[in-house]
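Sequence isn't available, so here's the structure alone:
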């Protein structure tokens, strides 16, 4: 049971999704424009935002960027199609996942639950890797004593990689573990999330120390 | 057909040499042989008569005129040229005109005598292959219009 | 087979014709010049020789004893010179090695014609002039009778022939001089004639290659200029109709794209609410429940159809993008099969470690379509075989069904093509194979359809290796 903010301009689609998500047990707040949605975000403090990229006024990408600038709340984009420019732009704007329209409520619900699990899945102990301190119980990360704000997806990715330093994860493995995409996830989700994570935790994102690329295979956590 | 023309070209080039021919006419036959020389004298009727002197060859105009000046001998013919010493008649044959320079004065010879000289000279000329329409100019030692005349033999035309 | 020796190229043909004409003309002119010059030379030489003989004879005959004796004949012969034969009845006087050359024809002419006669002959490769004449007896009045003396002289024409040959050679040289000149002239003439032709050909070639902007500027007012103008006009009207067709095609595509895009909004609502409906069927009457289920099924089908239509519009509009990554092909195919629950129904024959850069999603679309078709329309066992070659990787999907009838093969990749009525009720949109092939081609590869040796359909996907 989570509170979901649905930002969608078409009244019938909005109503249909609201009905369906409610049936899956979520509390659904709705907004029909980006401005309205950002107001509602502050008022309702939802657990997750489902955002249509095609919005009148400020578009979905801009809404996503503004959401990200104030909170680490997970965002799921509704896009036209998996290989469109929308996906890249949405991921760069900070979205955690995306679902292609027309979205089947069961699929959307599965994604929502997977994203939410990332922020409520604590394990034991504290891992220290050089300057980086990862508290797996409190789910906080700090670098040289400074707290690093991470979205649930970024945190889950860092936790997954750092659990076994030096092990190489393929993008597909990461999609399954972090995004819970059991089959044929979009590897751009991983690549974009890695980029964002590096910006936050690395001293020099261009020469990563912790999240390293293994060309042709995937990523691993360093230092090894 | 195209391959035959190099052969034609070769033939053409070869054709530039001298080719054998059939028998071609190349002009009048040689002449000039004769059993003797014909001299002209005058008969009793005052007409010119030819007299063949058998000398087994034709000889030259000069020889014929020299014989003429020696007279007709005993043939019943006479000459109207007055014999006058041993000086010969100078013959200058040119195409179309034979000039005879006599050692005679005009009065030493009658017109018939002049015909004797002209016919004898023309006869030898024609017999040795000369043209029959050749004229004869007889010049005398003393200046006279007769010396300038171009004459023909009245017997042969 | 006829031997083709006449050259093909227009240029070389012009050149050859020009040179032939020029050289033939020059040769003919030179040859005829040489010919008439040599004829004149021969004539003059013959006349000179003949007149010499006649002159020598006429100079001597008046002094010659007649009828002649042997001594007279000898004198006559000596006067005429060497290679001379003089006869008189039984008497005969000859000197020189070549008097035997005197021909019977000449003797006959001398005896019958009473004229000076000549004849050119060739003996031992050398040309000779035979001169023959009877010696006539002329009366003071001009009448002629035969004397019985005959004179024959044989004269060498080799020197003349050398001169003639020299003229011929110089004529040939002159004609040969014309050759390089003719080649030069022919080259420039051919160039000026062929340059516009070549330009026109280049233009036509560009037009044929699809460059409809190609034109050649017409120059002058000859037939070639007319042709150029006509070709330009043709290209112009072709370009216009092509542009019109493209406009119509683009309009049609945009319409398809727009239509499917517009369909998505109501479909989004439908998709959302049919699941609510589905979860609420428990309390419904049978007919209402069945209706709800039908609505769900058809909604999903509609979604797929719209998805496929949009995918096709992207291919048509050229906006389809490849998302390449290096993957293990066997793993990828296995994942595709497993995700659809087909892993147990399909034999996968694959060499391990076949890695290739592909768009994973598009590969999945192809494999799913081919295997799905095989499972639906063919009989088991359905087999997927990956063949790894240096330049190319092939994925072959075969089944043991009835295979594809011959008349179907050329159309199998056409959009909305369904070769039997029964298939029209299957869940496919009718665009699956078309999309699969477009995906293959987007990779620079191809998808082919055929029948396996043992019966059954056989589809082969070829994917090129990028680095080869």
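Thanks, I have it. Note that the coordinates shown come from a computational prediction; the quantities given were computed from them, not determined experimentally.

only C-alpha atoms for contact and neighbour calcs from this point on.
Fine.

So if we follow the domain assignment, how does chain A break up?
Using automatic domain parsing, the domain ranges for chain A come out as A:3-118, A:126-221.

ugh, typo on my part, it should be chain C
If you go by automatic domain parsing, chain C breaks into C:10-165, C:225-317, C:324-464.

number of nearby residues for residue C:341?
Neighbourhood size, residue C:341 [other C-alpha atoms under 10 Å in any protein chain shown]: 10.

how about TSV for the domains of chain C, with mean pLDDT added?
What follows is those, written out as TSV (pLDDT from 0 to 100):
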stretch	mean pLDDT
domain C:10-165	89
domain C:225-317	86
domain C:324-464	85
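
For residue C:136, give me its contacts.
Residue C:136 makes contacts with B:29-33, C:114, C:144-149, as judged by C-alpha atoms under 8 Å, 6 or more residues apart in numbering or on different chains.

Got a ChimeraX select line for the buried ones in these?
This is the ChimeraX syntax for the buried subset of the contacts of residue C:136, where burial follows 16 or more other C-alpha atoms under 10 Å in any protein chain shown:
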select /B:29,30,31,32,33 /C:114,147,148,149
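
Redo the contacts of residue C:136 as JSON lines? Include secondary structure and distance to residue C:253.
As requested, the contacts of residue C:136 are arranged in JSON lines below (DSSP: H, G, I helix; E, B strand; the rest coil; distance: C-alpha to C-alpha, whole Å):
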{"residue": "B:29", "secondary structure": "coil", "distance to residue C:253": "112"}
{"residue": "B:30", "secondary structure": "strand", "distance to residue C:253": "114"}
{"residue": "B:31", "secondary structure": "strand", "distance to residue C:253": "118"}
{"residue": "B:32", "secondary structure": "coil", "distance to residue C:253": "121"}
{"residue": "B:33", "secondary structure": "coil", "distance to residue C:253": "123"}
{"residue": "C:114", "secondary structure": "coil", "distance to residue C:253": "112"}
{"residue": "C:144", "secondary structure": "strand", "distance to residue C:253": "119"}
{"residue": "C:145", "secondary structure": "strand", "distance to residue C:253": "120"}
{"residue": "C:146", "secondary structure": "strand", "distance to residue C:253": "119"}
{"residue": "C:147", "secondary structure": "strand", "distance to residue C:253": "121"}
{"residue": "C:148", "secondary structure": "strand", "distance to residue C:253": "120"}
{"residue": "C:149", "secondary structure": "strand", "distance to residue C:253": "119"}
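
For the contacts of residue C:136, give me a markdown table that also has distance to chain A.
Below are the contacts of residue C:136 laid out as a markdown table (distance: C-alpha to the nearest C-alpha, whole Å):
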| residue | distance to chain A |
| --- | --- |
| B:29 | 121 |
| B:30 | 122 |
| B:31 | 126 |
| B:32 | 129 |
| B:33 | 131 |
| C:114 | 121 |
| C:144 | 129 |
| C:145 | 130 |
| C:146 | 128 |
| C:147 | 129 |
| C:148 | 128 |
| C:149 | 126 |
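
Averaging pLDDT per element, find the lowest-scoring helix or strand in chain B.
Here the helix or strand of chain B ranked lowest by mean pLDDT, DSSP states H and E is helix B:5-14, holding a mean of 56.

what's the next secondary structure element after it?
Sequence order places strand B:23-28 as the next helix or strand after helix B:5-14, per DSSP states H and E.

elements contacting that following strand?
Counting contacts by 3 or more C-alpha pairs under 8 Å, 6 or more residues apart in numbering or on different chains; DSSP states H and E, strand B:23-28 is packed against helix C:104-113, strand C:115-123.

any idea which of those is most buried?
strand C:115-123 (a mean of 21; mean count of other C-alpha atoms under 10 Å in any protein chain shown).

That one and chain B, are they touching?
Yes: residues of strand C:115-123 contacting chain B under C-alpha under 8 Å from any C-alpha of the partner chain: C:115-122.

Give the buried residues for the next helix or strand after that strand.
The helix or strand immediately downstream of strand C:115-123 is strand C:126-138, counting by DSSP H and E. Along strand C:126-138, these residues count as buried under the neighbour rule (16+ other C-alpha under 10 Å): C:127-138.

Can you tell me which of those residues is nearest chain A?
The nearest member of those to chain A, counting by C-alpha to the nearest C-alpha, is residue C:127 at 99.4 Å.

and that closest one, what is it in contact with?
Residue C:127 sits in contact with B:18-20, C:120-121, C:156-158, C:161, where contact means C-alpha under 8 Å, 6+ apart.

Looking at the residues you listed, state which has the most neighbours.
residue B:18 (24 neighbours).

tell me which element the closest residue in space to that one that isn't next to it in sequence is part of?
Leaving aside its sequence neighbours, residue B:18 sits nearest to residue C:161 (C-alpha to C-alpha, 6 or more residues apart in numbering or on different chains; 6.1 Å). Using DSSP H and E, residue C:161 maps to helix C:158-208.

Can you tell me which of the contacts of residue C:127 lies closest to residue C:92?
For those, the minimum distance to residue C:92 (C-alpha to C-alpha) is 22.2 Å, reached by residue C:156.

Nearest residue to the residue nearest to the spatial centre of chain A in space, please, no chain neighbours.
Taking C-alpha atoms, centre = their mean, the centroid of chain A lies closest to residue A:96, which sits 2.1 Å from it. Closest residue to residue A:96 apart from its sequence neighbours, by C-alpha to C-alpha, 6+ apart: residue A:75 at 5.5 Å.

quick revisit: residue A:10 is nearest to which of the helices and strands packed on strand B:23-28?
strand C:115-123 (120.0 Å).

Could you double-check that the residue nearest to the centre of chain A lies in contact with residue A:153?
Yes: counting by C-alpha atoms under 8 Å, residue A:96 touches residue A:153, with 6.2 Å between them.

May I have the phi/psi pair for the residue of the stretch 351-468 of chain C found nearest chain B?
Nearest to chain B in the stretch 351-468 of chain C, going by C-alpha to the nearest C-alpha, is residue C:410, at a distance of 53.0 Å. Dihedral pair for residue C:410: phi -70, psi -20, per degrees, to the nearest 10.

Tell me, how many residues neighbour it?
Count around residue C:410 with other C-alpha under 10 Å applied: 11.

For residue C:448, see how far away it is.
Using C-alpha to C-alpha, to the nearest Å, we find residue C:410 at a distance of 10 Å from residue C:448.

What's the local residue count around residue 13?
Using chain A here. 21.

hm, I was asking about chain C
By the criterion of other C-alpha under 10 Å, residue C:13 has 14 neighbours.

Just the residues contacting stretch C:256-268, thanks.
Applying C-alpha under 8 Å, 6+ apart, the contact partners of stretch C:256-268 are A:10, A:12-13, A:101-103, C:299, C:302-303, C:306-307, C:309-310, C:313-314.

cool, and stretch A:187-205?
With contact meaning C-alpha under 8 Å, 6+ apart, stretch A:187-205 is reached by A:88, A:91-92, A:94, A:96-97, A:132, A:143, A:148-150, A:153-154, A:158, A:171-172, A:174-175, A:208-211.

and the top helix by length along chain B with chain C, contact?
Ranked by residue count and defined by DSSP state H, the top helix of chain B is helix B:111-127. Yes: interface with chain C: helix B:111-127 contributes B:122-124, B:126-127 (C-alpha under 8 Å from any C-alpha).

Dihedrals phi and psi, residue A:94?
phi 110, psi 10.

For residue A:42, find the nearest of the domains of chain C.
Going by C-alpha to C-alpha, the one of the domains of chain C nearest residue A:42 is domain C:225-317, 27.0 Å.
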